[in-house]
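> no sequence for this one, just the structure:
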């Protein structure tokens, strides 16, 4: 069982989260624009769910109880596959393409992961290579509409509003999360066990600010209609010891 010393405190892997609330919006974006964003990670390539279209995920999470403490987090991610993997055949539609991705070993590349607490920032960067940095994350989870207002250095990055959909059956999910930090690409086995899940087509309203990250999102084609949104009222998670990809 691996352990790491973070700010004088021992963190033992796997790291467990006992309770979290999560919201996510999935967008189709131009694959060439997504590849330009991820050019710093040559071991991975975006997976196309439609010809010329990739998936970008914007999500925000409130961690209420876990090994790394309580904190808020926002994430920008892309569905990816190893750069030398066989390209999947063109999908008939985006939802069919998402099902096909599960057969291709596709994972989620974590491009940017701001948090509002220093301990989880240091732990995330040093243990898994998560690109965590400090930001101001205002999460409003108590109303029917779930909202995240994200700022850094006093500048608005985005304001994301998600409208919960219809209840869907929860189920345990195991996902490969990929990170690239300081020239090293890592794969992290990430297990989630959600409860009280709601999902719907569309359901997101996004407003971008004037921060460089907002400009990067605009170059992907945002704001636009979301392909799918999901809200999870209660979720447990497990993060395993990372593996370094051999070609990095």
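Looks like it came in fine. Computed from a predicted structure; not experimentally measured.

> any idea how far the helix or strand where residue 232 lies is from the chain center?
In the assignment (DSSP states H and E), residue 232 maps to strand 228-239. A distance of 11 Å separates the centroid of the chain from that of strand 228-239, by CA atoms, centre = their mean, to the nearest Å.

> tell me what it is packed against?
With contacts taken as 3 or more CB pairs under 8 Å, 6 or more residues apart in numbering; DSSP states H and E, strand 228-239 sits against strand 15-30, strand 184-201. (C-beta placed from N, C-alpha, C; glycine too.)

> kindly calculate the angle that that strand makes with strand 15-30.
On the basis of axes from the mean of the first three to the mean of the last three CA atoms, to 10 degrees, strand 228-239 is oriented at 150 degrees to strand 15-30.

> please shift the residue numbers so they start at 31 in all later answers.
With the count now opening at 31, the last piece we talked about shows up as strand 258-269.

> partners of strand 258-269 in the sheet?
The pairing partners recorded for strand 258-269 under DSSP bridges are strand 45-60 (antiparallel), strand 214-231 (antiparallel).

> distance to residue 275, mean neighbour count and mean pLDDT added to those, as JSON lines?
Formatted as JSON lines, the strands paired with strand 258-269 follow (distance: least, CB to CB, whole Å; neighbours: other CB atoms under 10 Å; pLDDT from 0 to 100):
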{"stretch": "strand 45-60", "distance to residue 275": "20", "mean neighbour count": "20", "mean pLDDT": "98"}
{"stretch": "strand 214-231", "distance to residue 275": "4", "mean neighbour count": "17", "mean pLDDT": "95"}
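
> tabulate those strands (JSON lines), appending distance to residue 256.
Below are those laid out as JSON lines (distance: least, CB to CB, whole Å):
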{"stretch": "strand 45-60", "distance to residue 256": "4"}
{"stretch": "strand 214-231", "distance to residue 256": "8"}
